[in-house]
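*Asks:* Show me how the following folds:
(4 chains)
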There are 2 protein chains.
Amino acid sequence: MLDDRKAAILRAVVEEYIETAQPVGSASVARAPGLAVSPATVRNEMGALERDGYLAQPHTSAGRIPTDKGYRFFVDSLVPSGGRLDVVQSQQVRSFFAQAHGELERMLSDTSRFLAGLTDYAAVVVRDVDDPATVRSVQLVSLAPAVVLVVVVLASGAVEKRTLDLTADVDEVVVGAASARLASFIVGGRFGSVGSVPPSGDPAVDTVVTAALAALARASSDADHQPQVFVGGASRMATAFDAVGTIRQVLDFLEQQYVLVTLIKDVLDRGLSVAIGAEHGVEPLADCSIVVAPYEIEGEPAGTVGILGPTRMHYEQTLAAVAVVSKRLGHALSKGPEER
Amino acid sequence: MLDDRKAAILRAVVEEYIETAQPVGSASVARAPGLAVSPATVRNEMGALERDGYLAQPHTSAGRIPTDKGYRFFVDSLVPSGGRLDVVQSQQVRSFFAQAHGELERMLSDTSRFLAGLTDYAAVVVRDVDDPATVRSVQLVSLAPAVVLVVVVLASGAVEKRTLDLTADVDEVVVGAASARLASFIVGGRFGSVGSVPPSGDPAVDTVVTAALAALARASSDADHQPQVFVGGASRMATAFDAVGTIRQVLDFLEQQYVLVTLIKDVLDRGLSVAIGAEHGVEPLADCSIVVAPYEIEGEPAGTVGILGPTRMHYEQTLAAVAVVSKRLGHALSKGPEER
DNA sequence: GCCTGGCACTCGGTATCGTTGAGTGCCAAG
DNA sequence: CTTGGCACTCAACGATACCGAGTGCCAGGC
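*Replies:* As a prediction, this is how the structure comes out:
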């Protein structure tokens, strides 16, 4: 598609532009190691690359800037295995996961912050909750005369709770009975497809059980049950762009968790690990690229780790960082959160 | 301290500056209703106000800008009852709380977003967790042969969980026994001062109980047990300031939850509901003011609602909004989250 | 035939320099 | 004490010129 020299030139332009954020001229490209040609030759080639849509020129008397297509070629030509992290970074990763601890949510949140620090872009960690996990425990706890809390523990260690407002006061004994009855029919089943519980004979108990079942059904329905999203280092977007408008748009986007998750899912569904600029049709993110990688707990897909940065991001390092972190995160979560 | 006319002039300057973000000249102040004086008189007064530190002049041939002290006077002279929200806003509040539902955390997070939208500044909702609440339930759930989850339900409806990694596999029966034993000694006590459990005689059970107690102790210690913070509308800071550097600093600050909470606590401890500019010695927030109000659940302090905006913020409306929302939030949470 | 040095040309960025006008401080008269 | 008048200041704005990085093209050379 591109001969070697064109590829090398494109590569040089991309690398320098990522570094300097300035349009790249033929002279500095010609200076690139491995290219033993004159600026004039480079100019010709750059003209061709522009005609083919890999480069663009902000104005006549300026150097070239990579287009999305240019970045795409650059990214695709990186060794698929991904670059390796440099020593400092892999040390950071090691020490973060060595001392990381805490419950799932805490861990994910910490990871998003860590990853943001590692890459210097905004990081996103998503926890999928279309969790078909087995229910390990159901318990009803009465909080007030007519208020009961349903607590469900899933095999993944996730805890879901839902408050139940009953119309009439309920005795603790009844709650206990309902709790036991619920447990005996629900535990071991799948969350998301809670079955039914046959009448026990005691109408008071049955009322509570029914209410709890309804709450659980609601809890596992999509409306209430959105993926959890942890965003770290959003402030870094303020450094990545200099147009306040862009910053605002991007931050805004990061706060719309639903859209954010949709975007990430989209990218993954297309089998990509990087989406560049306009590739992900999200208009306010036209100057952004995202890098994503799913992570697995105990071999099961459990969520996604991602980075949002400017199109001119350090793809090689970012790809490596995201890959490593998603893998390590999966491991860390597989072995029980408290362990190292 | 300030005679009526000076106060009126100061007030006019503050209001106009908040509106326009432009230095205010004597002419437009003189045009203010209620001030039947000429610009020349206003100039004299403004000179005095500047000498007294209420106003500042960016440069000789420009109008005046309020100083922190100026804002402070302005804020303090607002009717302490706080302005009322305008019709549209109070309608928004009503409808938000009418349809708001979900669990505590969800509710707080939604509230922070809502408040941000209402005021158009960044909103912070803090949930205090130095929760001396009574333990309503303790339960151990085994997740894997050597992994047990401790789930604690507090009277507030809060659920705390902690993973336990045991050195050896434990039978489900033992876990059940430990769970029951733990419950019988802990339930009804205060979280944060978990008592001890006398040996049961069964060493296997006791091992698990001890581990669980340790985890609980750790869980209620400060290290692991920080207030939860929900920040909404951070992107709005990008509109409030135009220096990218400032935006970055402020966003950065909003991500440092610990510092953020400390600041808010600080302001409350000083008995303030507003901290203006440099008043809260946080340097990167020199151009910011914060407005805070605690909220109560069932008459007990449960957290804080706050707004972070530019020093030139709409104090009257913001104060009213924060006050109303904190009150309504408390109510909503007192009556059981599912209720309206 | 492709590469390259030379060269004219383009055009954004920066610096210089008036000009403008909003706003001030001061003063003298009401 | 207030106010109109007035000289003064100075940021903001626009015009102008200049600079130089970078280009496209061409003609000569390997």
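*Asks:* sec struct for the residue lying farthest from the centre of chain A, please.
*Replies:* Largest separation from the mean C-alpha position in chain A: A:Gly201, at 48.2 Å (Cα atoms, centre = their mean). Recorded secondary structure, A:Gly201: coil (DSSP: H, G, I helix; E, B strand; the rest coil).
*Asks:* from chain A, which residue is nearest to DNA strand D?
*Replies:* A:Gly25 (2.8 Å; Cβ to the nearest atom of the strand). (C-beta placed from N, C-alpha, C; glycine too.)
*Asks:* Low-confidence bits of the stretch 151-300 of chain A, can you list those?
*Replies:* A:222-225 (pLDDT under 70).
*Asks:* what about 50?
*Replies:* For the stretch 151-300 of chain A, no stretch has pLDDT under 50.
*Asks:* Could you pull out the strands in it for me?
*Replies:* Taking DSSP state E, counting those that start in this stretch to define them, one finds strands in the stretch 151-300 of chain A at A:159-165, A:228-232, A:274-276, A:288-297, A:300-310.
*Asks:* Please see if the fourth one touches chain B.
*Replies:* No: taking Cβ under 8 Å from any Cβ of the partner chain as the criterion, strand A:288-297 and chain B are apart, separated by no less than 11.6 Å.
*Asks:* okay, that strand in PDB with CA atoms only?
*Replies:* Once non-C-alpha atoms are left out, strand A:288-297 reads as follows in PDB (Å, rounded to 0.1, in the frame of the first residue of the first chain):
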ATOM      1  CA  CYS A 288      -9.300  12.300  20.600                       C
ATOM      2  CA  SER A 289      -8.200   8.700  20.300                       C
ATOM      3  CA  ILE A 290      -9.100   6.000  22.700                       C
ATOM      4  CA  VAL A 291      -7.200   2.900  23.500                       C
ATOM      5  CA  VAL A 292      -9.000   0.000  25.100                       C
ATOM      6  CA  ALA A 293      -8.400  -3.500  26.400                       C
ATOM      7  CA  PRO A 294     -10.800  -5.800  28.200                       C
ATOM      8  CA  TYR A 295      -9.800  -7.500  31.400                       C
ATOM      9  CA  GLU A 296     -10.800 -10.800  32.700                       C
ATOM     10  CA  ILE A 297     -11.500 -12.200  36.200                       C
END
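*Asks:* helices or strands up against that strand?
*Replies:* Contacts defined by 3 or more Cβ pairs under 8 Å, 6 or more residues apart in numbering or on different chains; DSSP states H and E place strand A:288-297 against helix A:257-269, strand A:274-276, strand A:300-310, helix A:315-334.
*Asks:* The third one too?
*Replies:* Under the contact criterion of 3+ Cβ pairs under 8 Å, 6+ apart, strand A:274-276 touches helix A:68-76, helix A:257-269, strand A:288-297.
*Asks:* if we go to 7 Å?
*Replies:* Contacts defined by 3 or more Cβ pairs under 7 Å, 6 or more residues apart in numbering or on different chains; DSSP states H and E place strand A:274-276 against helix A:68-76, strand A:288-297.
*Asks:* so which of these is the most packed in?
*Replies:* Ranked by mean neighbour count under mean count of other Cβ atoms under 10 Å in any protein chain shown, the helices and strands packed on strand A:274-276 are led by strand A:288-297, which reaches a mean of 23.
*Asks:* Other residues contacting that one?
*Replies:* A:156, A:250, A:264, A:267-268, A:273-277, A:280, A:301-311, A:313, A:318-319, A:322-323, A:326, A:329-330, A:333-334 (Cβ atoms under 7 Å, 6 or more residues apart in numbering or on different chains).
*Asks:* Also stretch A:191-198?
*Replies:* The set of residues external to stretch A:191-198 that reach it, using Cβ under 7 Å, 6+ apart, is A:131-133, A:135, A:152, A:154, A:181-182, A:185-186, A:189, A:209, A:213, A:216-217, A:220.
*Asks:* 10 Å - rerun?
*Replies:* By Cβ atoms under 10 Å, 6 or more residues apart in numbering or on different chains, the surrounding residues in contact with stretch A:191-198 are A:129-136, A:138, A:152-156, A:158, A:160, A:178, A:181-182, A:184-186, A:189, A:205-206, A:209-210, A:212-217, A:219-221, A:225.
*Asks:* taking those residues one by one, which sit in helices?
*Replies:* Members of these lying in helices (criterion: DSSP state H): A:178, A:181-182, A:184-186, A:205-206, A:209-210, A:212-217, A:219-220.
*Asks:* when you scan the strand or helix carrying A:Leu140, is anything in it near chain B?
*Replies:* Assigned by DSSP states H and E, A:Leu140 belongs to strand A:135-144. Yes: using Cβ under 10 Å from any Cβ of the partner chain, strand A:135-144 reaches chain B at A:Arg136, A:Ser137, A:Gln139, A:Leu140, A:Val141, A:Ser142, A:Leu143, A:Ala144.
*Asks:* so which of the helices and strands packed on strand A:288-297 comes closest to A:Thr67?
*Replies:* Among the helices and strands packed on strand A:288-297, strand A:274-276 comes nearest to A:Thr67, with 9.5 Å by Cβ to Cβ.
*Asks:* Counting neighbours, what do you get for the residue of chain A at minimum distance from DNA strand C?
*Replies:* Here the residue of chain A nearest DNA strand C is A:Ser61; by Cβ to the nearest atom of the strand that distance is 2.7 Å. Neighbourhood size, A:Ser61 [other Cβ atoms under 10 Å in any protein chain shown]: 8.
*Asks:* Fine by me, we can end here.
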